[in-house]
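# sequence plus predicted model, see below.
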Amino acid sequence: MQLNRRELLSAVTAAFASPTLQLTAAEPGKPLFFTPDEFAMLDCLTELIVPTDDHSPGAHAAGVAAYIDKTAAEALDPGSKTSWQKGLHKVNEASQESYNLSFVKTTAAQQSELLSKMERANDPFFGQLKETTAFAYYSSSIGIHEEMQYKGNVILEQFAGYDAT
């Protein structure tokens, strides 16, 4: 069987579109990769890193956990996927050891304390979590427009930056 150019292009397009179609959540609002409990924990962790304050909404409002969930679901490297799950499991274990509670059931102060311990220990998962949270937040509409107040390519009548000279 010989395909003409149009049929070949159609077949190639369908082949690349198929994995994307599989990444649609079965139910709206459900995670694509993480379990509901893992997703809730991830959402909590990212909000601790970029919390809502009087200046702008935080990671939760920006959909950072959903971004990480989609990124993990689309990852081709199995190690990328498991590093998130192993890291979340490790945080939950630390919470159980310290407070006899799962991470999401601890107080905000206890959650911050666990996160601070991870940071002081130079934990690789904390680095991955912090870096990805910052990237996702500052790539979101909320991070760019509300937090950084980026105006886009506009002509400024006066220089508004810092002069380092």
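Perfect, I can see it now. Here the structure is a predicted model, which means the values were calculated and not measured.
# what distance do you get for the residue nearest the centre of the chain to Lys90?
Centroid check for the chain by C-alpha atoms, centre = their mean gives Ile68 as the closest residue, at 3.2 Å. Distance of Ile68 to Lys90, computed by C-beta to C-beta, to the nearest Å: 16 Å. Placement of C-beta: from N, CA and C, glycine included.
# residue ranges with poor pLDDT in this protein?
By pLDDT under 70, the low-scoring segments of the chain are 1-28, 163, 165.
# where do the helices sit along it?
In the chain, the segments counted as helices under DSSP state H are 5-22, 36-49, 59-62, 64-74, 78-99, 108-120, 124-139, 141.
# dump the C-alpha coordinates for the longest one into CSV.
Same thing as helix 78-99. Presented in CSV, the C-alpha positions along helix 78-99 are these (Å, rounded to 0.1, in the frame of the first residue of the first chain):
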residue,chain,number,x,y,z
PRO,A,78,9.9,7.4,33.8
GLY,A,79,12.4,8.8,36.3
SER,A,80,10.8,12.2,36.0
LYS,A,81,7.5,10.7,36.9
THR,A,82,8.7,8.7,39.9
SER,A,83,10.8,11.4,41.3
TRP,A,84,7.7,13.4,42.0
GLN,A,85,5.9,10.5,43.6
LYS,A,86,8.9,9.4,45.7
GLY,A,87,9.4,13.0,46.8
LEU,A,88,5.8,13.4,47.9
HIS,A,89,6.0,10.0,49.7
LYS,A,90,9.1,11.1,51.5
VAL,A,91,7.5,14.4,52.7
ASN,A,92,4.5,12.4,53.9
GLU,A,93,6.7,9.9,55.8
ALA,A,94,8.5,12.8,57.5
SER,A,95,5.2,14.3,58.5
GLN,A,96,4.1,10.9,59.9
GLU,A,97,7.3,10.5,61.8
SER,A,98,7.2,14.0,63.3
TYR,A,99,3.5,14.6,63.9
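# which residues touch it?
Helix 78-99 is contacted from outside by 33-34, 38, 41-42, 45, 68, 72, 75, 101-103, 106, 110, 113-114, 117-118, 123-125, 128-129, using C-beta atoms under 8 Å, 6 or more residues apart in numbering.
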